[in-house]
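**Q** sequence unavailable; structure follows:
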């Protein structure tokens, strides 16, 4: 190793020798970019039948996988699919055993474990991750080769740089997003026909809220959507989110609430009392009746299977993603709720809180797309509208990073200060990416911390002048 004054020369940072088959050693012996976990999830989903081999092959090839075992498994899956045979842990194992490769990939047990971890969710993000890390490894290999050839100086620089440019152009094309331009016919075909393209809600209805008037306006909560529920303090964000979660659980769905303002026991008691129509204050004070306690127990029992509450102090998108992936892999997650966005932490340090909120809101949107389910988050509004005694608008979110831009739907709750506590609350849909804006009226029952629809003739706040 050549050193000058105790410091390594530049040539030390370019190591060319292989560390395995087609594996260049990276600069300064740093590990090569890879996402083995994404490879496992994709292979498991292929083996479980959740991901079509043709769809995966349009994004990645066996050579894109980092581990030799994974490359071999992916190659066999592609061959089986080409022959019209469904790939699963049995058929793949038999094909590998016929070639004497079954032990090299970890045996039947490894294939069974892969299939058990398969996801039903949208796996495109994992496919892109595999492709992108493969491109980075090839770029490192090309850079190492170019560096070695530059040291050797075996040909004029112009020729070296021309070849390097060609290699980089090929890699850039490979890294282009999806690399697939679809015609109108292909888009309609992928959607399952024109009717599904125009009205997907008729074939796959979104999750419903407890309030029919709001459902008519937003046509349910759809997979991949980020829904933001904004309000000033004490207007009812937590109650609103809790009722949506409880409604989903009672319909046989699985909802996960990530609570960063209340403990799990506090939140569960509040949701249970709202569903049972029990005054939580009287209950805590010991003034509830036996009938009320029995109603509460029945409500909590009904929510037991479908409701999960996360109240750990690690309030990051990464922590939420890890918990959601595990629940989704077991088929027990249809809806994610976060209470609330501004209480979350962003990893690392940013210049200001606005940048942190921007990263958090973008992370929640990506989570909704990655897992293929709706994510609802509460958000605190700026106090300017409160001081000005006006109804909240989208501008009241703008000091909080890119929340407005990332959200597919923005709902804002408003209860005038002069209204009695058991009063009408205006629920404004200030943004809906693929639908109209509007408003509905709900009645807030403060003793139960519960929103209810008022009498039919008073349902629509759009009949009320909106400043």
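**A** Thanks, I have it. None of these values were measured; they are calculated from a predicted model. Numbering: from 1, shown residues only.

**Q** what's around the nearest residue to residue 117 once chain neighbours are set aside, how many residues?
**A** Nearest non-adjacent residue to residue 117, counting by Cβ to Cβ, 6 or more residues apart in numbering: residue 44, 4.4 Å away. For every residue, glycine as well, the C-beta is placed using N, CA and C. Residues within reach of residue 44, counting by other Cβ atoms under 10 Å, total 23.

**Q** what does the domain assignment say about this structure?
**A** 11-181, 203-463 (automatic domain parsing).

**Q** among the ones you listed, which is the most enclosed?
**A** domain 203-463 (a mean of 18; mean count of other Cβ atoms under 10 Å).

**Q** can you give me the strands for the stretch 1-150 of the chain?
**A** 3-4, 7-8 (DSSP state E, counting those that start in this stretch).

**Q** averaged pLDDT, the last one. What do you get?
**A** This means strand 7-8. In this model, strand 7-8 carries a mean pLDDT of 38.

**Q** same check, this time on stretch 442-449
**A** 85.

**Q** neighbouring contacts of that stretch?
**A** 211, 214, 236, 238-239, 242, 270, 273-274, 277-281, 415, 421-425, 427, 450-454 (Cβ atoms under 8 Å, 6 or more residues apart in numbering).

**Q** ok now that stretch, how far from the chain's centre?
**A** Computed by Cα atoms, centre = their mean, to the nearest Å, the chain-centroid distance of stretch 442-449 equals 31 Å.

**Q** now do the same end-to-end measure for that stretch.
**A** 12 Å (Cα to Cα, to the nearest Å).

**Q** longest helix of this protein?
**A** Identified as the longest helix of the chain according to DSSP state H is helix 124-152.

**Q** strands of the stretch 351-467 of the chain, start to end?
**A** Using DSSP E, counting those that start in this stretch, strands in the stretch 351-467 of the chain cover 375-380, 409-414, 424-432, 438-445, 450-452.

**Q** ok so, going back, how much space between the residue nearest to residue 117 and residue 334?
**A** Counting by Cβ to Cβ, to the nearest Å, the gap from residue 44 to residue 334 is 20 Å.

**Q** with residue 402 instead?
**A** Distance from residue 402 to residue 334, counting by Cβ to Cβ: 26 Å.

**Q** kindly report the same for residue 377.
**A** In terms of Cβ to Cβ, residue 377 sits 16 Å off from residue 334.

**Q** any idea which residue sits dead centre in this structure?
**A** Nearest residue to the geometric centre of the chain (Cα atoms, centre = their mean): residue 367, 1.2 Å.

**Q** about what we covered before: out of the domains of the chain, which comes closest to residue 194?
**A** Closest to residue 194 of the domains of the chain, according to Cβ to Cβ: domain 203-463, at 11.9 Å.

**Q** off-centre distance for the closest one?
**A** The answer for domain 203-463 is 17 Å, by Cα atoms, centre = their mean.

**Q** picking that back up, of all the domains of the chain, which one is nearest residue 187?
**A** The nearest among the domains of the chain, by Cβ to Cβ, is domain 11-181 at 10.5 Å.

**Q** related to what we said a few turns ago, which elements pack onto whichever helix or strand comes after the longest helix of the chain?
**A** Sequence-wise, the next helix or strand downstream of helix 124-152 (DSSP states H and E) is helix 157-175. Here helix 157-175 touches helix 124-152, going by 3 or more Cβ pairs under 8 Å, 6 or more residues apart in numbering; DSSP states H and E.

**Q** the helix it packs on: how far from the chain's middle?
**A** Distance, centroid of helix 124-152 to centroid of chain: 28 Å (Cα atoms, centre = their mean).

**Q** what do you get for stretch 85-95?
**A** 31 Å.

**Q** show me the helices in the stretch 301-450 of the chain, by range?
**A** Counting by DSSP state H, counting those that start in this stretch, the stretch 301-450 of the chain has helices at residues 317-329, 353-371, 384-387, 403-406.

**Q** just give the nearest non-adjacent residue to residue 79, would you?
**A** Per Cβ to Cβ, 6+ apart, closest to residue 79 is residue 95, 7.1 Å.

**Q** hmm, the one you found is touching residue 80, no?
**A** Yes. The criterion here is Cβ atoms under 8 Å, and residue 95 meets it with residue 80 at 6.4 Å.

**Q** returning to what we had before: report the inter-axis angle for the longest helix of the chain versus helix 353-371.
**A** 110 degrees (axes from the mean of the first three to the mean of the last three Cα atoms, to 10 degrees).
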